[in-house]
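**Q** Here is my input; please provide its structure:
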Amino acid sequence: MNAKTIKSLAIKVGADLCGIAPIERFREAPEGFKPTDIYPSTQSVFVFAKRVPQAALLSRSPVPYKFVSDVILDEVLRITCDLSLRLQDLGVTAVPIPSEPYEYWDAEKKEGKGILSLKHAGHLAGLGIMGKNTLLTNKKLGNRITLGALLLNVSLKGDPIAKYQICKEDCNACITRCPANALDGKSVVQKLCREKSQLTTPKGYSLYVCNACRTVCPSGEGVRKKRENRKAVGRKQITEDQEPIAHGS
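**A** Numbers count the residues shown, from 1 in each chain. Got it, this is the predicted structure:
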């Protein structure tokens, strides 16, 4: 089993972006949240992403964004389980890692932590850079991505960790325009963010009513992608950056 085979398989089942981080890169991960705390035989961490439709972020109603968030997350979960089964048939143990549910939850701070930080794993697998908005941002796809991961019992060649620049030193758009004042450029106060970004309607529907940290970022759609005229969102355009990407470039 090699990295190319697993990446090709991931793209085949629907991933848009993927990368590999050797277990050695997680030495500085917090105790209790290392890959080996979940699966002691982990040798490599495979991380992948699905694209989030840009147009959903342009709606004045929160419904389209909630809709695509749910659909893309379901797709990521499907791919994670599918890959685990396919790799099992090839003799590889691949422990699926979803973003939720949390085992760690601080009720007072309204702070949750996944069993493995997917955005940090994505960074270590070469998929992008952590922005001041605390979102993993890829050079081509920006922060319009949802992540999934698997812990593998095979040692694979890791992808280079991204070195490109996402945030300019003088850019603080996400910080100054966060309506909850939840960002400081390095971390997010989850309690403030949750109280401002999540809403339950009178009928009981849960909605995300704020995604400013995604939308105001100048690199939100990717630093290599030409900015599209928002008035032409509905026009079909085919660009190099819209093709599936089999690695973290």
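
**Q** Most distant residue from the centre of the chain?
**A** The outermost residue of the chain relative to its centre, with distances by Cα atoms, centre = their mean, is residue 202 at 30.4 Å.

**Q** Shouldn't that residue be within a helix?
**A** No: counting by DSSP: H, G, I helix; E, B strand; the rest coil, residue 202 is not part of a helix but coil.

**Q** Point out where the chain drops to low pLDDT.
**A** 224-249 (pLDDT under 70).

**Q** Check which helices and strands the lengthiest helix in it sits against.
**A** With residue count as the measure and DSSP state H as the assignment, the chain has helix 63-89 as its longest helix. Helices and strands touching helix 63-89, as assessed by 3 or more Cβ pairs under 8 Å, 6 or more residues apart in numbering; DSSP states H and E, comprise helix 3-12, strand 44-51, strand 94-97, strand 145-152, strand 206-208. From N, CA and C alone the C-beta is placed, and that goes for glycine too.

**Q** May I have the fourth one as PDB, with CA atoms only?
**A** Which is strand 145-152. Written as PDB, here are the backbone C-alpha positions of strand 145-152 (Å, rounded to 0.1, in the frame of the first residue of the first chain):
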ATOM      1  CA  ILE A 145     -13.900  23.100   2.700                       C
ATOM      2  CA  THR A 146     -15.100  20.500   5.200                       C
ATOM      3  CA  LEU A 147     -12.600  17.900   6.600                       C
ATOM      4  CA  GLY A 148     -12.600  14.300   7.400                       C
ATOM      5  CA  ALA A 149      -9.800  11.900   8.500                       C
ATOM      6  CA  LEU A 150      -8.700   8.300   9.100                       C
ATOM      7  CA  LEU A 151      -6.000   6.900  11.200                       C
ATOM      8  CA  LEU A 152      -3.900   4.300   9.300                       C
END
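
**Q** Just checking: what are the partner strands of that strand?
**A** strand 44-51 (antiparallel), strand 94-97 (antiparallel) (DSSP bridges).

**Q** Spatially nearest residue to residue 220 (excluding sequence neighbours)?
**A** Spatial nearest neighbour of residue 220, chain neighbours left out: residue 142 (4.7 Å); criterion: Cβ to Cβ, 6 or more residues apart in numbering.

**Q** who's in contact with the one you found?
**A** 217, 219, 220, 221, 222, 223, 225 (Cβ atoms under 8 Å, 6 or more residues apart in numbering).

**Q** Show me what it bridges to in the sheet.
**A** With DSSP bridges as the criterion, the beta-bridge partners of residue 142 are residue 138.

**Q** any idea how far residue 19 is from it?
**A** Residue 142 sits 16 Å away from residue 19, going by Cβ to Cβ, to the nearest Å.

**Q** Next: residue 211.
**A** 25 Å.

**Q** Between those two, tell me which one has more neighbours.
**A** With other Cβ atoms under 10 Å as the criterion, residue 211 and residue 19 differ in neighbour count, and residue 19 comes out ahead with 31 against 18.

**Q** Same list (the strands paired with strand 145-152) but as CSV, adding mean neighbour count and distance to residue 79.
**A** Output for the strands paired with strand 145-152, formatted as CSV (neighbours: other Cβ atoms under 10 Å; distance: least, Cβ to Cβ, whole Å):
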stretch, mean neighbour count, distance to residue 79
strand 44-51, 27, 7
strand 94-97, 20, 10
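
**Q** got those as TSV, with distance to residue 31 columns?
**A** Conversion of these to TSV gives the following (distance: least, Cβ to Cβ, whole Å):
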stretch	distance to residue 31
strand 44-51	17
strand 94-97	18
